[in-house]
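>>> Okay, here's the prediction I keep looking at, along with the sequence it came from:
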Amino acid sequence: MTLRASLAMLLVATPAFAHHGWSGQEEKVTSLTGTVVQGVSLAGPHAGMKIKVGAQVWDITFAPPARTERAGLKEGLIPIGATVTVRGNRSTEPGHHEMKTIYIKHSAAEYHVYPERE
């Protein structure tokens, strides 16, 4: 196999190894209601935001940016201080306050990021 072919195969395989899907998340879907402390960001491999629930700040992880935008969720749309409800799968890592989110509600607006998982 040539060096060029080996590099091409590595580039194709790398995203599959890097993406963990839903591993590391509980199977059970739960809801959280909290206050936005960091608005929606479409940077990185997954969109995200931070909300405060009680004394804890939760990392809210959405789909990759393009899919999150297709669901209607964009940066600046939900202001800091707003109350939101999210539904998704919590991290299985003890003490890790993170939820991979399938749905978010802000006021009357609903954004279904992973509607097939609801």
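Okay, I see it. Residues are numbered from 1 along each chain as shown.
>>> Kindly list the longest strand within the chain.
The single longest strand within the chain, with elements called by DSSP state E, is strand 30-41.
>>> Now it: buried residues?
For strand 30-41, the neighbour count (16 or more other CB atoms under 10 Å) marks Leu32, Gly34, Val36, Gly39, Val40 as buried. Backbone N, C-alpha and C define where each C-beta goes, glycine included.
>>> Likewise for stretch 61-73?
Across stretch 61-73, burial judged by 16+ other CB under 10 Å covers Thr61, Phe62, Ala63, Pro65, Thr68, Glu69, Ala71, Leu73.
>>> Same question for stretch 103-118.
Of the residues in stretch 103-118, Tyr103, Ile104, Lys105, His106, Tyr111, His112, Val113, Tyr114 count as buried by neighbour count, 16+ other CB under 10 Å.
>>> May I have the predicted confidence score for the first one?
Looking at Tyr103, its pLDDT stands at 95.
>>> Give the bridge partners for it, please.
Taking DSSP bridges as the rule, Tyr103 bridges to Arg87, His112.
>>> now it: how far from Val86?
When distance is defined by CB to CB, to the nearest Å, Tyr103 is 7 Å away from Val86.
>>> The second one now?
The span separating Ile104 from Val86 equals 5 Å under the rule CB to CB.
>>> between the two, what contacts are shared?
Residues touching both Ile104 and Val86 (CB atoms under 8 Å, 6 or more residues apart in numbering): Ile60.
>>> can you pull out the helices in this protein?
3-18, 65-70 (DSSP state H).
>>> Pick out the shakiest of the ones you listed, pLDDT-wise.
helix 3-18 (a mean of 40).
>>> Now for Glu118: which residues touch it?
Contacts for Glu118 (CB under 8 Å, 6+ apart) come out as Val29, Arg87, Ile102, Tyr103, His112.
>>> Let me know the closest of the residues you listed to Glu93.
Set against Glu93, the nearest of the contacts of Glu118 by CB to CB is Val29 (17.6 Å).
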